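Chemist: this is the structure alone, sequence omitted:
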């Protein structure tokens, strides 16, 4: 009597049906290896998180908790060792490097603590940079950059360079640059970390406005006061989700 071989498990799909989830990560692990092939560290140990369209989510955790690794994977700057990551319905964990780079540029806007502006360019030129890499014609780039700078109330400073702006203004330029591609997801990594309290509050007010307008926002922060501005907090510890809680949010 012969025994039939077990059926192999189906491969994860490349896409999911269109729906309300912007992010769905399933059983994501990230392992760093030593040159000899042995495990150096397991930064993420089976993460499962779903973010619905229009949510405002904070990611928190102590140093070594895995929050930076998770941020890099969510931002398509790194790949999971195992598991699946669906961004706006597409399994980006299965994409090749070139396709992933293009999809990241279209789908995600980034705002960093250090602004990451190009000092030689005007603020209009800085905002146009993502569109340049997408091959958008110059006239369209200029129109879209001006519109995004107007959203952050800096269209009157378009000809100025970053060194002529305050820290808060530079972060507003960075936000305009993140929005210019009409992304499905806005990711912010400690966006008020280099700003004084009053300026930081103004920047958080802007994120609140973007959220109310329907933008999906994920913010990495160590500051509980910043996190409570969000409507949900995902707290990591030792590479796993320790808590996933709703807040009062947007008070």
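Modeler: Cool, the structure landed. Model, not experiment: these values are computed from the prediction. Numbers count the residues shown, from 1 in each chain.
Chemist: rest of the way, CA atoms for contacts and neighbours
Modeler: Noted.
Chemist: shaky segments in the chain?
Modeler: When residues are selected by pLDDT under 70, those of the chain lie in 1-19, 249-251.
Chemist: and the helices in it?
Modeler: 67-74, 97-107, 123-133, 138-151, 167-179, 197-212, 224-227 (DSSP state H).
Chemist: what packs against the second one?
Modeler: Judged by 3 or more CA pairs under 8 Å, 6 or more residues apart in numbering; DSSP states H and E, helix 97-107 is in contact with no other helix or strand.
Chemist: run the chain-centre distance for that helix.
Modeler: The chain centre lies 13 Å from the centre of helix 97-107; the measure is CA atoms, centre = their mean, to the nearest Å.
Chemist: what residues does that helix touch?
Modeler: Helix 97-107 has contacts (CA atoms under 8 Å, 6 or more residues apart in numbering) with 75-76, 92, 130, 134, 181-185.
Chemist: if you rank the residues you listed by neighbours, which is first?
Modeler: Counting neighbours by other CA atoms under 10 Å, residue 185 leads the contacts of helix 97-107 with 27 neighbours.
Chemist: any idea how far residue 243 is from that residue?
Modeler: Noted for residue 185: a distance of 22 Å to residue 243, by CA to CA, to the nearest Å.
Chemist: what count of nearby residues applies to residue 144?
Modeler: Residue 144: 22 surrounding residues under other CA under 10 Å.
Chemist: wait, it sits on residue 180?
Modeler: Yes - using CA atoms under 8 Å as the test, residue 144 is close enough to residue 180 to be in contact (6.4 Å).
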